[in-house]
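In: From the sequence below, what's the structure:
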Amino acid sequence: MFTTLSGNNEKSSVGAKEKIEEVTITKRGKCVVRKILLIVLGMAVISFALLWYRLRMDVRGRMEGTIIHLETSNNRSFAITEDNTLWAWGGVRGNIGRPLIEGINTSRRPTSIMDDVVAVSSSGHTMVITSDGTLWGWGNNNRGQLGDGNTRDTLKPIAIKESVVAVSVNIGRTMAITEDGTLWAWGDNRYGQLGDGTEESQLTPIPIKEDVIMVSAGEHHTMAITEDGVLWAWGRNRRGYLGDGTTQDSLIPIQIMENVLAVSAGRGYTMAIDREGVLWAWGRDFRGRLGDGTDQDRFNPVPIMDNISSISADFAHTMAIDKEGVLWTWGDNYRGRLGVGSTSDCSYPIPVRVMENITNVSVGSHHTIAVDKEGVLWAWGSNYYGQLGDGTRRNRYSPVRVR
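Out: Coordinates of the predicted model:
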């Protein structure tokens, strides 16, 4: 009897173990199923988010038509197409701290942000001119750079001035030319960069000079060309920024050169093209950005190369287009902003050939964008904020096609 009971107990024990194992297996199976369902659900959410983003971008539109103007600032890029649509891409950082425009924080692809635009300039704050000559502004306003009479930032474009034909901005200030050739200025004036004879900042536009056809705002100095081809300069002159042979700041415009066709003022240096196509440079020669083969500051204009039709200068590198459409570059190659294919942060103190058939180029602090004769948009350099517009955040050391 005892033996029989023992056998039954063993059978019962085995049966219980089998049931426990079945329950355990069932629970494990259910856990696996739950994990699979969670993975599938997660993938569905991601797919939906990506689809929503693509649809959102489609609603904003894809860039079409001929690009007629390019503009870059620290970590963002702009383009105007032939239908006068303003496109923007990239992001923000540091004290800029502002979206591209109200409702659009950042974008890794060109995004339409405004219609009826014929000109744009940006540097922490953005100024645009619409086809009716109205100047609009938004962004940082801590120095009164928007020109609306106060220092409150705004994300929504506000009308500032009428009958405007050209605008150039830099950190904390704005320069604009009206139809009658009057140059107006407002914003930061700590170094006399407004040109009104004082060092007092201005919250609204004030007239500076007449008969002006072109203006370029450097970081702390300003360059302007009058109808007679004379180049004028004012503002900070610490290391020869103005090109008058001294290092003395000027609170009013002083004459620098004659027969000048175009000018681009960068951060502490200046590039100008004369009517013969000769490119001239002066100022601080940080990492070869003057392009004269040295690292010496220049207090007077020195010739760099011939046959140039367009120039763009910013922080530490320079781009020039010659009359055959060849794009040349020199200066610092940090994060590949020269576009020469090198990944090293070396400098090139003399012009290096980059591309052919280029019609327009604009340099930012750490990146470059350009358009060729076929209307293709190219970009290279730093891309941490999506300022190249290729949909990624990867730095590019050679030109990549954006559109």
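In: Look up how far Val361 lies from the residue nearest to Val302 when sequence neighbours are not counted.
Out: Of all residues not flanking Val302 in the chain, Asp292 sits nearest, at 5.5 Å (C-beta to C-beta, 6 or more residues apart in numbering). Heads up, the C-betas are built off the backbone N, CA and C, glycines and all. Distance from Asp292 to Val361, counting by C-beta to C-beta, to the nearest Å: 20 Å.
In: Return the backbone torsion pair for the closest residue to Gly364 other than its chain neighbours.
Out: Leaving aside its chain neighbours, Gly364 sits nearest to Thr72 (3.5 Å; criterion: C-beta to C-beta, 6+ apart). Main-chain dihedrals, Thr72, degrees, to the nearest 10: phi -130, psi 150.
In: Neighbours of Thr72, how many?
Out: As a burial measure, Thr72 scores 26 neighbours (other C-beta atoms under 10 Å).
In: Quick check, it in contact with Ala370.
Out: No - in this structure Thr72 lies outside contact range of Ala370 using C-beta atoms under 8 Å: 10.4 Å.
In: Next, show the common contact partners of these two.
Out: Listed as contacting both Thr72 and Ala370 by C-beta atoms under 8 Å, 6 or more residues apart in numbering are Ser362.
In: Point out where the protein drops to low pLDDT.
Out: Along the chain, the model assigns pLDDT under 70 to residues 1-40, 42-61, 92-99.
In: Please parse it into its domains.
Out: Domain assignment for the chain, taken from automatic domain parsing, gives 1-60, 65-401.
In: which one of those domains is the most hemmed in?
Out: Of all these, domain 65-401 has the most neighbours on average by mean count of other C-beta atoms under 10 Å, namely a mean of 20.
In: who's the residue lying closest to Pro351 once chain neighbours are set aside bridged to?
Out: Excluding its sequence neighbours, the residue lying closest to Pro351 (C-beta to C-beta, 6+ apart) is Trp328, at 4.2 Å. Per DSSP bridges, the residues bridged to Trp328 are Ala320, Arg353.
In: Do I have it right that Trp328 meets Met355?
Out: No - under the criterion of C-beta under 8 Å, Trp328 is not in contact with Met355, lying 9.4 Å apart.
In: for the stretch 301-403 of the chain, what spans make up the strands?
Out: For the stretch 301-403 of the chain, the strands defined by DSSP state E, counting those that start in this stretch cover 308-313, 317-322, 327-332, 347-355, 358-363, 367-372, 377-381, 396-401.
In: Pull up the pairing partners for the fifth one, direction included.
Out: Each strand that strand 358-363 pairs with, and the sense of that pairing, follows from DSSP bridges: strand 367-372 (antiparallel).
In: just the angle between the partner strand and strand 396-401, please?
Out: 30 degrees (axes from the mean of the first three to the mean of the last three C-alpha atoms, to 10 degrees).
In: got the contact list for strand 367-372?
Out: Outside of strand 367-372, the residues within contact range by C-beta under 8 Å, 6+ apart are 67, 70, 72, 77, 79, 317, 319, 325, 327, 329, 335, 337-339, 355, 357-362, 377-383, 387-389, 399, 402.
In: ok, what's across the strand from the residue nearest to Lys161 when sequence neighbours are not counted?
Out: Spatial nearest neighbour of Lys161, chain neighbours left out: Leu135 (4.5 Å); criterion: C-beta to C-beta, 6+ apart. Leu135 forms beta bridges with Ile129, Lys161, as assigned by DSSP bridges.
In: quick one: terminal-to-terminal distance for stretch 312-326?
Out: 14 Å (C-alpha to C-alpha, to the nearest Å).
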